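K.L.:
need a structure here:
(2 chains)
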Amino acid sequence: MTDAGAAPQPLWRLEGVTKRFFAVRALSGVDVSFRRGEVHALVGENGSGKSTLVKCLAGVHQPDEGALYHEGSRVTLGHPLEARAHGVATIFQEFSLVPTLSVAENVFLGRQPLMRGPWIDWQAMRAETRRVLGELGAKTDPDAIVRHLSVADQQLVEIAKAISLNSVLLILDEPTAALGLHETDRLLELVRGLAKQGKAILYISHRINEVFRVADRITVLKDGKLVATEEVAALDMDKVVRMMVGRDIEQHYPKLPATTGRVRLAIRDLRTERGVRGATFEVHAGEVLGLGGMVGAGRTEIARALFGIDPIVSGSVELDGAPLSVHSPNAAIEAGIGLVPENRKADGLFFNFEAPRNITTSKWSRVTRGPIFDLKRERELGRSLVTTLNITPTAMDASVGFLSGGNQQKVVIARWLYAEAKVLILDEPTQGIDVGAKLDVYGVINDLAARGVAIILISSDYPELLAMSDRIAIVSGGAVLGVVPAAQMDEHRLIAIASGAEALPTQPIPAAGSATA
Amino acid sequence: MRQRLLSSTVIGPLVALILVVFVVSLTTDRFLLPQNLSNVTLQVSSVAIAAIGATLVILAGGIDLSPGSVLALSSSTLAILIKNLGWPVEIAIFATLVLGALLGLGNGVLSTYLRIPSFVATLATLTIYRGLAFLITGGTPIFSISPKLRPIFYGSFLGVPLPFYYVVAAFVLTGLFLRYTVPGRAIYAVGGNESAARFSGIKVNRTRLLTFMIAGLTAAAAGVLTTARLDSGSPNYGVGLELQAIAAAVIGGASLAGGLGNIVATLFGALIVAVVQNGLNLNAVQASWQQVTLGTIIILAVGLDMWRNDLSEALRRLFRRPGQKGST
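P.N.:
The predicted model follows:
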């Protein structure tokens, strides 16, 4: 290949790329280029055309118009294998690993080194896998079975696979969505390192602050059109958000001051066999209590215990002053506790139902007379929630599988508005949804709090957690270390305390009411 | 409401049924004779009733391979109760239906609380239940059970054989059950997403158990119908019923992944199978070819659904006017 040296050709250049799906223009006339040694971030709301662009580069889609240039010469990528042959590797949010095979087998999937005849050269496979993983600073055992690895390690295996394929353009789609803070730091460092080695990285993320930490240049897409490609130095977060949304957002986090009432939910020394080891806190009516901590600290486990999924071994739960036994989700729902689960696709949505029937599953008794459904009333209630939550009207008749992530999440949240929950636990409610939908979710949180619902918010997006919560309970090792007013916290202190680098403030913890005063 | 009842999930199998009836009546003018139509009704009734249970189990995300054996055991039991033990016919029938529900309960307990996948659990009971049928009958059919048995089922009303009314009533009831009741909705929810159902406080095991019990009940009802038609009980009855019942559900568009399917479409599925078999019979096609045909229908029914997007895309290409190809 010709290496232009001092005046480098971009590795990849897209010129006037347009892609239509029936009447919809997913991409129209996009020009963008990716250079070796550069981390190039691609941002935009859901539906802005990011994944279509990625799929054109990955050979999944072929542009209707425009052209792709690889080191100056025009290429067509008719098939994912052609993209791979041109050094493009895509690491999607959902990994393409075979969970039951070993790390080495996955790295060499479909191209195992052979000895003689059909015999696989296991030694070579292990050695090469170990070498590539070592290059990435990982000590994963090549013989480990992939499904036993953490999400972060699985991701490293994906990256190792890409590197052992000699890929030059690495596309990372929301790589930190499921990672903890440390793991995120490690990944960002790794991405920078790979760029230094001369790889081109296309980095896609909803987390703007992360993008600013890792990227050299940022490309913003909106409605399938290129808004701008700029050096990071020429941008700031507000500007990027404005370009993405196309309108000024006065406040990223429109938190309303809480007018908190009496104690709604009180838990004392809660323990389960699945990772809760002494959780104590109170949530007041109208208050948002944020659970802060690293991924794996036990926050989701606390939510699962309170919702009756994991059996509680010891400790007590009180709702409105009365002891409560949450031995099943049904008992929790009856008592007025709702949970928006972390994984909305696996645990939240019924893809065989449209929005109204998805919403009413949490409490059929509101739309039944005896055991008989009042389908008209169900639809009416569904429609009013679809309108209230600003969910797309398509949701009335189409399966939720056809909705965007943001709309899907709002359907799950609508379920608890409908069930009139007194306590609502939201586990990573804004993960993977676009800015507009996030604002809608924040709006609902405010709204519910104003109505006296006690809210427990779990989020790994710390700026969001700090901004939307009244108080923060810091969780580590399955226990609550302490509860502090959100106003006295910032991201750094939160991380420092949760990771044990700093002790909690020793002053007595103020009551919730005074927290926001 | 009306629009939903005639949704595309029902239209497809209905159109297919009409086509099949049309083609079969072209090949032979005997098909539309009242006597023949009445025969088709009698033939289809057992399979159609058993297909109700098969569909419910599939909707909840399970599979039941045992209805043929439940039919055999019910048929044998009914014959023994009436002929050997001298039970009154009505009470014997009721007891047989209860037995069917209990056999289904067995399937359900195995595949829910005892966590054996339903495919394996009902594969096991497929042979257990038939084995029991051979044990209690000593392996020989019981003939001439009672003169009172046949008229209960094989009378007619307004010139139409009674089983027709039973089948229609059973499907209407099931349709209403699925659409309007809480357990009916729970079946769809559990089949659609088991984990989400749990997170919504739906009792997953209990719901699946119910579908297996209904499947046992409908298989036993099919057994009662068969026994009454032939006035004999036999451990050899119902071989292959599971295939026909599942085929009816699948041809009607039910997804084996659970959560998707329509009971009315299952009835059309059962009718399609029956009409095709009847057409082959009338044209004196040998039985082996009928088996080949049933398999082909299953492949076509599911295939057409799978290939639907490709087919419509191909049709669109075929009929696209030259000027329409997008270029700006």
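K.L.:
rest of the way, CA atoms for contacts and neighbours
P.N.:
OK.
K.L.:
those helices in the stretch 51-200 of chain A, which residues are they?
P.N.:
Along the stretch 51-200 of chain A, the segments classed as helices by DSSP state H, counting those that start in this stretch run A:80-85, A:103-107, A:122-135, A:151-164, A:181-196.
K.L.:
right, and the ones you listed - which one's nearest residue A:443?
P.N.:
helix A:181-196 (26.4 Å; Cα to Cα).
K.L.:
For that closest one, the averaged confidence score.
P.N.:
Mean pLDDT, taken over the full extent of helix A:181-196, equals 88.
K.L.:
Buried residues in it, which are they?
P.N.:
By neighbour count on 16 or more other Cα atoms under 10 Å in any protein chain shown, the buried set for helix A:181-196 is A:181, A:183, A:184, A:185, A:187, A:188, A:190, A:191, A:192, A:194, A:195.
K.L.:
Provide the backbone phi and psi angles at residue A:101.
P.N.:
For residue A:101, the backbone dihedrals are phi -100, psi 170 (criterion: degrees, to the nearest 10).
K.L.:
these two touch, right, it and residue A:145?
P.N.:
Yes - using Cα atoms under 8 Å as the test, residue A:101 is close enough to residue A:145 to be in contact (5.5 Å).
K.L.:
host element of residue A:283?
P.N.:
When elements are assigned from DSSP states H and E, residue A:283 belongs to strand A:277-284.
K.L.:
now for that strand, which elements pack on it?
P.N.:
strand A:263-272, strand A:454-458, strand A:479-485 (3 or more Cα pairs under 8 Å, 6 or more residues apart in numbering or on different chains; DSSP states H and E).
K.L.:
hang on, the earlier thing: name the nearest of the buried residues of helix A:181-196 relative to residue B:239.
P.N.:
Minimum separation from residue B:239 among the buried residues of helix A:181-196 (Cα to Cα) is found for residue A:183, which lies at 58.4 Å.
K.L.:
tell me which parts of the stretch 201-328 of chain B are close to chain A?
P.N.:
Where proximity means Cα under 8 Å from any Cα of the partner chain, the interface of the stretch 201-328 of chain B facing chain A comprises B:201, B:202, B:259, B:260.
K.L.:
Looking at the stretch 51-200 of chain B, what residue ends up closest to chain A?
P.N.:
When you check the stretch 51-200 of chain B against chain A by Cα to the nearest Cα, the closest residue turns out to be residue B:196, at 4.2 Å.
K.L.:
ends of stretch A:168-176, how far apart?
P.N.:
One end of stretch A:168-176 sits 21 Å from the other (Cα to Cα, to the nearest Å).
K.L.:
State the mean pLDDT of that stretch.
P.N.:
Here the average pLDDT along stretch A:168-176 is 89.
K.L.:
what sits up against it?
P.N.:
Taking contacts as Cα atoms under 8 Å, 6 or more residues apart in numbering or on different chains, the residues outside stretch A:168-176 that touch it are A:36, A:54, A:87-93, A:155, A:162, A:184, A:187, A:198-206, A:432.
K.L.:
Now a ChimeraX select for only the buried ones of those residues.
P.N.:
Buried residues among the contacts of stretch A:168-176 (16+ other Cα under 10 Å), as a ChimeraX selection:
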select /A:36,54,87,88,89,90,91,92,155,162,184,187,199,200,201,202,203,204,205,206,432
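K.L.:
Count the neighbours of residue B:306 for me.
P.N.:
As a burial measure, the neighbour count of residue B:306 was computed by other Cα atoms under 10 Å in any protein chain shown and equals 11.
K.L.:
Next one: it relative to residue B:253, how far apart?
P.N.:
Taking Cα to Cα as the measure, residue B:306 and residue B:253 are separated by 11 Å.
K.L.:
got it, and residue B:225?
P.N.:
From residue B:225 over to residue B:253 (counting by Cα to Cα), the distance is 26 Å.
K.L.:
and what of residue B:213?
P.N.:
For residue B:213, the distance to residue B:253 equals 23 Å [Cα to Cα].
K.L.:
ditto for residue B:113
P.N.:
Counting by Cα to Cα, the gap from residue B:113 to residue B:253 is 29 Å.
K.L.:
Who has more neighbours out of those two?
P.N.:
Set side by side, residue B:113 and residue B:253 show unequal neighbour counts under other Cα under 10 Å, the larger going to residue B:253 at 23 against 11.
K.L.:
Quick check, the more buried one in contact with residue B:303.
P.N.:
No - judged on Cα under 8 Å, residue B:253 makes no contact with residue B:303 at a distance of 10.6 Å.
K.L.:
show me the contacts for residue 87.
P.N.:
Using chain A. Applying Cα under 8 Å, 6+ apart, we find residue A:87 in contact with A:165, A:166, A:167, A:168, A:169.
K.L.:
wrong chain, I was asking about chain B
P.N.:
Contact analysis of residue B:87 by Cα under 8 Å, 6+ apart lists residue B:81.
K.L.:
you'd agree it is in a strand?
P.N.:
No - assigned with DSSP: H, G, I helix; E, B strand; the rest coil, residue B:87 falls outside any strand and is coil.
K.L.:
on that earlier part again, could you dump the helices of the stretch 51-200 of chain A to CSV with distance to chain B?
P.N.:
Formatted as CSV, those follow (distance: least, Cα to the nearest Cα, whole Å):
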stretch, distance to chain B
helix A:80-85, 20
helix A:103-107, 28
helix A:122-135, 35
helix A:151-164, 21
helix A:181-196, 28
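K.L.:
So which of those helices is nearest residue B:93?
P.N.:
helix A:151-164 (57.7 Å).
K.L.:
Of all the residues in stretch A:366-385, which ones are buried?
P.N.:
By neighbour count, with 16+ other Cα under 10 Å as the criterion, the buried positions of stretch A:366-385 are A:366, A:367, A:368, A:372, A:373, A:375, A:378, A:379, A:381, A:382, A:383, A:385.
K.L.:
okay, it in PDB with CA atoms only?
P.N.:
Only the C-alpha atoms of stretch A:366-385 are listed here, as PDB (Å, rounded to 0.1, in the frame of the first residue of the first chain):
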ATOM      1  CA  ARG A 366     -57.200  -1.600  37.000                       C
ATOM      2  CA  VAL A 367     -58.600  -2.600  33.700                       C
ATOM      3  CA  THR A 368     -60.600  -5.700  34.600                       C
ATOM      4  CA  ARG A 369     -63.900  -6.400  36.100                       C
ATOM      5  CA  GLY A 370     -63.500  -9.600  38.000                       C
ATOM      6  CA  PRO A 371     -61.300 -11.800  35.700                       C
ATOM      7  CA  ILE A 372     -62.600 -10.000  32.500                       C
ATOM      8  CA  PHE A 373     -60.700  -7.400  30.600                       C
ATOM      9  CA  ASP A 374     -62.300  -4.100  29.700                       C
ATOM     10  CA  LEU A 375     -60.300  -3.700  26.500                       C
ATOM     11  CA  LYS A 376     -61.700  -0.300  25.700                       C
ATOM     12  CA  ARG A 377     -60.700   1.100  29.000                       C
ATOM     13  CA  GLU A 378     -57.300  -0.500  28.600                       C
ATOM     14  CA  ARG A 379     -56.800   1.200  25.300                       C
ATOM     15  CA  GLU A 380     -58.000   4.600  26.700                       C
ATOM     16  CA  LEU A 381     -55.700   4.400  29.700                       C
ATOM     17  CA  GLY A 382     -52.900   3.400  27.400                       C
ATOM     18  CA  ARG A 383     -53.500   6.200  25.000                       C
ATOM     19  CA  SER A 384     -53.500   8.800  27.800                       C
ATOM     20  CA  LEU A 385     -50.200   7.600  29.100                       C
END
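K.L.:
hmm, who's touching stretch B:224-240?
P.N.:
Residues lying outside stretch B:224-240 but in contact with it, judged by Cα under 8 Å, 6+ apart, are B:45-46, B:67-69, B:71-79, B:93, B:96, B:130, B:133-134, B:137, B:139-147, B:149-150, B:153-154, B:223.
K.L.:
ok so, going back, and the strand holding residue A:283, average pLDDT?
P.N.:
For strand A:277-284, the mean confidence score works out to 94.
K.L.:
what is the orientation angle of that strand with strand A:263-272?
P.N.:
Between strand A:277-284 and strand A:263-272, the angle formed by their directions is 170 degrees, by axes from the mean of the first three to the mean of the last three Cα atoms, to 10 degrees.
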